[in-house]
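J.: Structure of the sequence below:
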Amino acid sequence: MSPSHAVVIGASMAGLMAARTLADHFDHVTVVERDRLPDGPEGRKSVPQGFHAHTLLIRGKQILEEFFPGLSADLVMHGAVESDSSADVIWHQHGVYKMRKPCGLIATSMSRPLLEWRVRAHLQRVKNVALVQGYRVTGLHATPDKTRVTGVGLEPVDGSGPATSLPADLVVDAGGRGTRAPQWLADLGYGAVPVTEIRTNVGYASRYFRFAGPVAPDFNMCLLMQAPPATRVGVLFRVEGNRWLLTLQTMLDDAVPSDEEGMLAFARSLPGPQIAKFLEQAVPDSEIQAHRTPTNLRRHYEQMARFPDGLVVLGDACTSFNPRYGQGMTTAALGALALRDTLDATGDLAAPGFSRRFQKALAAAIALPWQASTGEDFAFPQVAGRRPPGAGLINWFMRRVIRLTAVDHGALVGFLKVVHLLQGPAGLMRPRLLWRGLFG
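T.: Sure thing, here's the model as predicted:
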């Protein structure tokens, strides 16, 4: 039997985790990335959102540690900050501050470039994985009857060489929101991919700071969220290098600030003074960077009447979440876990149906995060779209639970476990908490 080969499109977080999964099932794995990857915690062109605050939820951290043993300690060694998700965090939401009592749920804050750099370093230690940089994928190759993808076409981004091809037994598209997979599938005769799109028009303005005041902040993370219909959010994290990363975020038609005075005015409009006071005593350590994500986007590959074998799509190439809820990297990890489980359950990759089974498994894995984030979006009356049945009742109950987190430690721990995807919302339906949520 000839050696098996898998190709991953994109060295995104989803692509890196997928490659690690594939390395246990294929003789060779090749990750194709259009950027030249930095040898350090630096941003890159293909990840324009990478400058802004990212949250690695605890479930995501657990999966990454499973894929890359020792990663958590490595991140801390390189400056990542570990925090108790309650005691070390100031969080104002729906009119209340969550209580600050230790809960034992340890979150890690760092810049997105640091996380990618260290994950990439761990992946490069896997001997049967290769990274090909500076190349773009031009299209899919398939069998004459178009039922199986057999590889990809490549060309150098800088035009320095000829186009070429790369045969593969499996192609994984982790190319991000700008994926060309829908067009490639249409070119192969598979028709249009069903899409759910919710316009939220999320905008960010972010900047790194060094604190210069006489008394250091008594928190590692601060989240100040206006209650709907107001849309402003401020997120302040302690990150590596003795720096702080501030992201000010809006939705819909609210503008993001573009200068120092605008950032301070925005911070003063938030439902708590902590970020504004921080800015009054902090020194900028970068320029202000702005970015917009117009919609939540879910491509329903699992609903297609036909789908070729030899291709799977995951990460933002499949589903792009509203970034305000910090679920993107963790749902990418859930996708890689679904890929591993589908591979483990498959005796013969050449047998028809593997790709469809995976896309259905992925849809099931991300259903709860998608429901949670879109449910939160629909709490804003300005967000257009068909609201799921019961969305209003669910949002009402969640607001009651959030108010309880100010005074009830059990409610706080249960809520944080849902936020960090350690349990589903059903975990909030325990009799005592349900009673207090409904009638307390």
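J.: can you map out the helices along the stretch 151-300 of the chain?
T.: Taking DSSP state H, counting those that start in this stretch, the helices of the stretch 151-300 of the chain run over residues 181-187, 260-268, 274-280.
J.: and Val76, how many neighbours?
T.: By other Cβ atoms under 10 Å, 14 other residues sit near Val76. Where you see a C-beta, it was placed from the backbone N, CA and C, and this is true even at glycine.
J.: these two touch, right, it and Glu82?
T.: Yes. With contact defined as Cβ atoms under 8 Å, Val76 reaches Glu82; the gap is 6.2 Å.
J.: Overlap of the contact sets of those two?
T.: The overlap between the contact sets of Val76 and Glu82 (Cβ atoms under 8 Å, 6 or more residues apart in numbering) consists of Thr108.
J.: quick revisit: let me have the helices of the stretch 151-300 of the chain in CSV, extended by distance to Ala18.
T.: Shown next, in CSV, are these (distance: least, Cβ to Cβ, whole Å):
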stretch, distance to Ala18
helix 181-187, 14
helix 260-268, 37
helix 274-280, 36
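J.: for the ones you listed, which one ends up most surrounded?
T.: Among these, helix 274-280 has the highest mean neighbour count (mean count of other Cβ atoms under 10 Å), at a mean of 19.
J.: Show residues contacting it.
T.: 90, 209, 211, 217, 219, 222, 224, 234, 236, 244, 246, 263-264, 267-268, 270.
J.: how about 10 Å then?
T.: The contact list for helix 274-280 (Cβ atoms under 10 Å, 6 or more residues apart in numbering) reads 90, 92, 97, 207, 209, 211, 213, 217-219, 222-224, 234-236, 244, 246, 248, 260, 263-270, 273, 282.
J.: Could you list the domains of the chain?
T.: Domains of the chain are assigned by automatic domain parsing as 5-56+115-194+300-375, 198-294, 391-439.
J.: For the ones you listed, give me CSV that also has distance to Pro381 and mean pLDDT.
T.: Formatted as CSV, the domains of the chain follow (distance: least, Cβ to Cβ, whole Å; pLDDT from 0 to 100):
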stretch, distance to Pro381, mean pLDDT
domain 5-56+115-194+300-375, 14, 93
domain 198-294, 6, 94
domain 391-439, 11, 81
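J.: a markdown table please, covering the ones you listed and showing distance to Ala384.
T.: Below are the domains of the chain laid out as a markdown table (distance: least, Cβ to Cβ, whole Å):
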| stretch | distance to Ala384 |
| --- | --- |
| domain 5-56+115-194+300-375 | 12 |
| domain 198-294 | 6 |
| domain 391-439 | 14 |
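J.: Out of these, flag the one nearest Gln382.
T.: domain 198-294 (5.2 Å; Cβ to Cβ).
J.: Just give me how far the closest one sits from the chain centre.
T.: Using Cα atoms, centre = their mean, to the nearest Å, the mean C-alpha position of domain 198-294 is found 19 Å from that of the whole chain.
J.: Just the contacts of helix 274-280: which are in strands?
T.: Cross-referencing the contacts of helix 274-280 against strands under DSSP state E gives 90, 92, 97, 207, 209, 211, 222-224, 234-236, 244, 246, 248, 282.
J.: quick check, nearest of the residues you listed to Gly104?
T.: Nearest member of the ones in strands among the contacts of helix 274-280 to Gly104, counting by Cβ to Cβ, is Ile90, at 18.2 Å.
J.: can you pull the contacts of the closest one?
T.: 97-98, 100, 217-224, 236, 272, 274-275.
J.: Over to Phe67?
T.: Here Phe67 is in contact with 16-21, 23-24, 119, 122-123, 126, 333, 336-337, 340 (Cβ under 10 Å, 6+ apart).
J.: do Val283 as well
T.: 208-213.
J.: Just the buried ones from these?
T.: 208-209, 211 (16 or more other Cβ atoms under 10 Å).
J.: Closest to Gly392 out of the contacts of Phe67?
T.: Out of the contacts of Phe67, the member with the shortest distance to Gly392 (by Cβ to Cβ) is Ala333, at 31.0 Å.
J.: what's the spacing between the strand or helix carrying the closest one and its chain's center?
T.: Using DSSP states H and E, Ala333 falls within helix 328-344. Helix 328-344 sits 12 Å away from the centroid of its parent chain (Cα atoms, centre = their mean).
J.: What residues of it count as buried?
T.: Those would be 328-340, 342-343, for helix 328-344 by 16+ other Cβ under 10 Å.
J.: Past it, which element shows up next along the chain?
T.: Following helix 328-344 in sequence, per DSSP H and E, is helix 354-377.
J.: need the next SSE after that following helix, C-terminal direction.
T.: Next in sequence after helix 354-377, counting helices and strands by DSSP H and E, comes helix 391-404.
J.: Can you name the element that comes right after that next one?
T.: Moving toward the C-terminus from helix 391-404, the next helix or strand (DSSP H and E) is helix 409-419.
J.: Direction-wise, compare that next one with helix 391-404 and give the angle.
T.: 130 degrees (axes from the mean of the first three to the mean of the last three Cα atoms, to 10 degrees).
J.: In terms of secondary structure, what does helix 409-419 contact?
T.: Counting contacts by 3 or more Cβ pairs under 10 Å, 6 or more residues apart in numbering; DSSP states H and E, helix 409-419 is packed against helix 58-67, strand 89-93, helix 354-377, helix 391-404, helix 431-439.
J.: wait, which of those is closest to Gly424?
T.: helix 354-377 (5.4 Å).
J.: Tabulate the CA atom coordinates of the closest one in PDB.
T.: Written as PDB, here are the backbone C-alpha positions of helix 354-377 (Å, rounded to 0.1, in the frame of the first residue of the first chain):
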ATOM      1  CA  PHE A 354     -16.400   9.500   5.400                       C
ATOM      2  CA  SER A 355     -16.600  13.200   4.500                       C
ATOM      3  CA  ARG A 356     -20.400  13.400   5.000                       C
ATOM      4  CA  ARG A 357     -20.100  11.600   8.400                       C
ATOM      5  CA  PHE A 358     -17.500  14.100   9.500                       C
ATOM      6  CA  GLN A 359     -19.500  17.200   8.400                       C
ATOM      7  CA  LYS A 360     -22.500  15.800  10.300                       C
ATOM      8  CA  ALA A 361     -20.300  15.200  13.400                       C
ATOM      9  CA  LEU A 362     -19.000  18.700  13.200                       C
ATOM     10  CA  ALA A 363     -22.400  20.200  12.900                       C
ATOM     11  CA  ALA A 364     -23.400  18.300  16.100                       C
ATOM     12  CA  ALA A 365     -20.200  19.400  17.900                       C
ATOM     13  CA  ILE A 366     -20.800  23.100  17.300                       C
ATOM     14  CA  ALA A 367     -24.600  23.200  17.600                       C
ATOM     15  CA  LEU A 368     -24.600  24.400  21.200                       C
ATOM     16  CA  PRO A 369     -22.000  27.200  20.800                       C
ATOM     17  CA  TRP A 370     -23.800  28.400  17.700                       C
ATOM     18  CA  GLN A 371     -27.100  28.400  19.500                       C
ATOM     19  CA  ALA A 372     -25.700  30.200  22.500                       C
ATOM     20  CA  SER A 373     -24.000  32.900  20.500                       C
ATOM     21  CA  THR A 374     -26.800  33.500  18.100                       C
ATOM     22  CA  GLY A 375     -29.300  33.500  21.000                       C
ATOM     23  CA  GLU A 376     -27.300  36.300  22.600                       C
ATOM     24  CA  ASP A 377     -27.200  38.200  19.300                       C
END
